[in-house]
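> Fold the following.
(one chain, ligands or ions: 1)
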Amino acid sequence: MSDNKHGHVHHSKSTRDILNAETVLAAAGLKSGDYFLDAGCGDGFISIAASKIVGDDGKVCAIDVYPQSVEMVKEEIQKGGISNIEATVADITDKIPLKDDSVDICIMANVLHGFVANDEVQEVMGEISRVIRPEGTFAVVEFIKSEGTRGPPYNVRISPDEVEDLLINYNLKTTETREVGKYHYLVKAVNEK
Ligand SMILES: C[S@@+](CC[C@H](N)C(=O)[O-])C[C@H]1O[C@@H](n2cnc3c(N)ncnc32)[C@H](O)[C@@H]1O
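Numbering: from 1, shown residues only. Have a look, this model is predicted:
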């Protein structure tokens, strides 16, 4: 769990058991050779699946502020003999340690609602928009906004419309919204900067 000065606690709990990484990555349009960023990667189950898709010509950058999560990713990388994932500890509201326009596809899964609750959207989205190349993709995965299902409290969940309205402020234009699994939706946007 990462503590936060603004009040909302981002849970480090993985959604591995209820979210299919391959379904998410297919919906986002990930392909061989892509440079992929998993922003707030948790235990890295999406990054591990992405590494197989991007292959030797691509690269996966898994970033989390919680050092124990990044350690878990590093263990899986070592166990699997994976050479195309770089797992890094960083606070993405401060600085994403990547160059401008370097990322083809960025996924932020089950993280954005926390930045909304903590009033950190501007900081994080400035960085996200900076690192995604023009015409690159930003895909947000969030828990469907309904009560009584697994996930964060209803009052901090965000709807696809709220995500779309938020992203357009950063020149990220929504091209598609779809359900990915029983509990989640994905909003896919193109970087029109
Ligand atoms: C609910 S978990 C989701 C993990 C993973 N994406 C998943 O879907 O299973 C939220 C993650 O965001 C990370 N996180 C929260 N604030 C962050 C920040 N400022 N910079 C980087 N990672 C952050 C947390 O440490 C946590 O691992």
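
> Just want the phi and psi numbers for the residue located most distally from the centre of the chain.
Ranked by distance from the centre of the chain (C-alpha atoms, centre = their mean), the top residue is Gly148, with 24.0 Å. Backbone torsions of Gly148, given as degrees, to the nearest 10, read phi 80, psi 10.

> biggest helix in the protein, by residue count?
Identified as the longest helix of the chain according to DSSP state H is helix 67-80.

> Next one: that one, is it in contact with the ligand?
Yes. Helix 67-80 is in contact with the ligand by C-beta under 6 Å from any ligand atom, via Ser69. Using the backbone N, CA and C atoms, a C-beta is placed for each residue, glycine as well.

> CA atoms only for that helix, dumped as PDB, please.
The C-alpha trace of helix 67-80 is given here as PDB (Å, rounded to 0.1, in the frame of the first residue of the first chain):
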ATOM      1  CA  PRO A  67       9.500  -0.700  -3.800                       C
ATOM      2  CA  GLN A  68       8.100  -4.000  -2.700                       C
ATOM      3  CA  SER A  69       6.000  -4.200  -5.900                       C
ATOM      4  CA  VAL A  70       8.900  -3.500  -8.100                       C
ATOM      5  CA  GLU A  71      10.900  -6.200  -6.300                       C
ATOM      6  CA  MET A  72       8.100  -8.700  -7.100                       C
ATOM      7  CA  VAL A  73       8.300  -7.700 -10.800                       C
ATOM      8  CA  LYS A  74      12.100  -8.100 -10.700                       C
ATOM      9  CA  GLU A  75      11.800 -11.600  -9.100                       C
ATOM     10  CA  GLU A  76       9.400 -12.700 -11.900                       C
ATOM     11  CA  ILE A  77      11.800 -11.200 -14.500                       C
ATOM     12  CA  GLN A  78      14.600 -13.200 -13.100                       C
ATOM     13  CA  LYS A  79      12.600 -16.400 -12.700                       C
ATOM     14  CA  GLY A  80      11.300 -16.200 -16.300                       C
END
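
> and that helix, what does it pack onto?
Where contact means 3 or more C-beta pairs under 8 Å, 6 or more residues apart in numbering; DSSP states H and E, helix 67-80 is packed against helix 45-54, strand 59-64, strand 85-89.
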